[in-house]
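*Asks:* give me coordinates for this.
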Amino acid sequence: MGTIFLHEIAGTAILLLLGVGVVANVVLTKTKGNGGGWLLISFGWGLGVFAGVYVAAATGAHLNPAVTVGLLVSGAEEYAPGIAVTLGTTLAYFAAQLIGAFLGAALAWLAYRDHYQAETDQGAILGTFATGPEIRNPLWNMVTEVIATFVLVFVILLFGSTPSGLGPLAVALLVVAIGASLGGPTGYAINPARDLGPRLFHAVAPIRHKGGSDWGYAWVPIVPTVWLLACTLSAGWIKIFDSNPGVGFLAQANKYRAAINAGELIAPSKDFGGMHQIMFNNYVNAGLTALFMFVVLAVLFYSVGAIRKARANPARSDRETAYVALTEEQQKVWL
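*Replies:* Numbering: from 1, shown residues only. Presented below is the predicted three-dimensional model:
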């Protein structure tokens, strides 16, 4: 788990630092790259992926929940060498990617801090962190995101079985191609963590003229995670309750328990102590998988309840403190 968190957080943070950074360079006021255009943004994101893949190579460099889910449903036994496909590792990838995206956005904000403070266009500020449609039509915006995400995951999975000397550069060029070809309508999130993590940072960042975080649109880039959630919970249920001892934790534990009671050794165990350990490990894995499933469902139900409560209340739920001008001494320190 530690390897997953370390490398996926670092890799996703690098991706978002360079991705948010290139958008900030193009759209924020008084930057060197102001007005650089959409192709510059597409290449910046692509090269951000290139760098992030190298940083997170030890974990397979998913950097994206959609990629993790694609590998999950493809039938792969490992996400990366030594990292088995389990519910625990799957959730660890998701969490690390979201944390990394938040941290990467924070680092980009620090790099462009003065430009964010000088920018007065709320849309430009939000646009550096999160995606948004040029023509707002949630259904067709969602279709665009699904198509673009499918292209990303489908081609990445094919990379794994196709000889290529390009390595991470192939993925980077794919992201550039998707941006140039399919990024026009929505800004091509193609990565739920890439949009949600920076949007969360935008919501809490101390930016002078930032405005709202457009949570009414936030669900569109996250739609692929509905499939992600269904796949993850289904996989967890199968791993706990499948009757095949080669698949289900409880089935394998019961198989070893029956063999121990019958006085039979099961290979590769060399003694009954090893068999007891395998049986115990399977019960632990089943319990941890059930716990993770409960946590996922608890977060889901709590989120739905919080959203329903917020939508039912016409009054604004945020509470901003009144503006207080900095003293001259504070201005010398902070400005």
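
*Asks:* now whichever strand or helix holds residue 261: buried residues?
*Replies:* Using DSSP states H and E, residue 261 sits within helix 249-262. Neighbour-count burial for helix 249-262, counted by 16 or more other C-beta atoms under 10 Å, picks out 249-256, 259-260. C-betas here are computed from N, CA, C, even on glycine.

*Asks:* make TSV out of these and add distance to residue 76.
*Replies:* Below are the buried residues of helix 249-262 laid out as TSV (distance: C-beta to C-beta, whole Å):
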residue	distance to residue 76
249	19
250	23
251	21
252	20
253	24
254	27
255	25
256	26
259	30
260	32
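
*Asks:* of those residues, closest to residue 314?
*Replies:* For the buried residues of helix 249-262, the residue nearest residue 314 by C-beta to C-beta is residue 249; the value is 48.4 Å.

*Asks:* shouldn't the closest one be in contact with residue 288?
*Replies:* No: shown here, residue 249 and residue 288 do not form a contact pair, counting by C-beta atoms under 8 Å, at 9.4 Å.

*Asks:* pLDDT on stretch 262-276, on average?
*Replies:* In this model, stretch 262-276 carries a mean pLDDT of 85.

*Asks:* ditto for stretch 108-124
*Replies:* Averaged across stretch 108-124, the pLDDT comes to 95.

*Asks:* what residues does that stretch touch?
*Replies:* 16-17, 19-21, 24-25, 27-31, 125, 128, 132, 201, 205, 207-212 (C-beta atoms under 8 Å, 6 or more residues apart in numbering).

*Asks:* which ones among these are found in strands?
*Replies:* Among the contacts of stretch 108-124, no member falls in strands (criterion: DSSP state E).

*Asks:* now restrict those residues to buried residues only.
*Replies:* Buried by 16+ other C-beta under 10 Å: 16-17, 19-21, 24-25, 27-28, 31, 125, 128, 132, 201, 205, 207, 210, out of the contacts of stretch 108-124.

*Asks:* for the protein, just list every one of the strands.
*Replies:* 78-80, 83-84.

*Asks:* mean neighbour count, mean pLDDT and distance to residue 152 for these - can I get that in TSV?
*Replies:* Below are the strands of the chain laid out as TSV (neighbours: other C-beta atoms under 10 Å; pLDDT from 0 to 100; distance: least, C-beta to C-beta, whole Å):
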stretch	mean neighbour count	mean pLDDT	distance to residue 152
strand 78-80	18	88	17
strand 83-84	14	90	21
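
*Asks:* looking at those strands, which is nearest to residue 138?
*Replies:* Set against residue 138 and scored by C-beta to C-beta, the strands of the chain come closest in strand 78-80, at 32.1 Å.

*Asks:* list the strands paired with the closest one, with their directions.
*Replies:* strand 83-84 (antiparallel) (DSSP bridges).

*Asks:* what's near enough to touch residue 211?
*Replies:* Contacts of residue 211 (C-beta under 8 Å, 6+ apart): 122-123, 125-126.

*Asks:* can you say which of those are buried?
*Replies:* When the contacts of residue 211 are checked for burial by 16+ other C-beta under 10 Å, the buried set is 125-126.

*Asks:* from the contacts of residue 211, pick the one nearest residue 102.
*Replies:* Of all these, residue 102 sits closest to residue 126, with 15.5 Å by C-beta to C-beta.

*Asks:* pretty sure the closest one contacts residue 213?
*Replies:* Yes: look at residue 126 against residue 213 with C-beta under 8 Å: they come within range, at 6.6 Å.

*Asks:* which neighbours do those two share?
*Replies:* Jointly contacting residue 126 and residue 213 under the rule C-beta under 8 Å, 6+ apart are residue 202.

*Asks:* so for the most centrally placed residue in the chain, what's the pLDDT?
*Replies:* Nearest to the mean C-alpha position of the chain, by C-alpha atoms, centre = their mean, lies residue 193 at 3.0 Å. pLDDT recorded at residue 193 is 91.

*Asks:* do the same with the one 3 residues further on
*Replies:* The predicted local distance difference test score for residue 196 is 91.

*Asks:* and it, how far from residue 215?
*Replies:* Between residue 196 and residue 215 the computed distance is 10 Å (C-beta to C-beta, to the nearest Å).

*Asks:* try residue 115
*Replies:* Distance from residue 115 to residue 215, by C-beta to C-beta: 25 Å.

*Asks:* the stretch 151-300 of the chain: helices as residue ranges?
*Replies:* Applying DSSP state H, counting those that start in this stretch to the stretch 151-300 of the chain gives helices spanning 168-182, 192-204, 215-222, 224-241, 249-262, 272-312.

*Asks:* what mean pLDDT does the fourth one have?
*Replies:* Spelled out, that is helix 224-241. Per-residue pLDDT over helix 224-241 has a mean of 72.

*Asks:* quick one, domains of the chain?
*Replies:* 2-221, 242-308 (automatic domain parsing).

*Asks:* check contacts around the closest residue to residue 272 other than its chain neighbours.
*Replies:* Spatial nearest neighbour of residue 272, excluding adjacent residues (C-beta to C-beta, 6 or more residues apart in numbering): residue 260 at 6.0 Å. By C-beta under 8 Å, 6+ apart, the contact set of residue 260 is 272, 275-276, 279.
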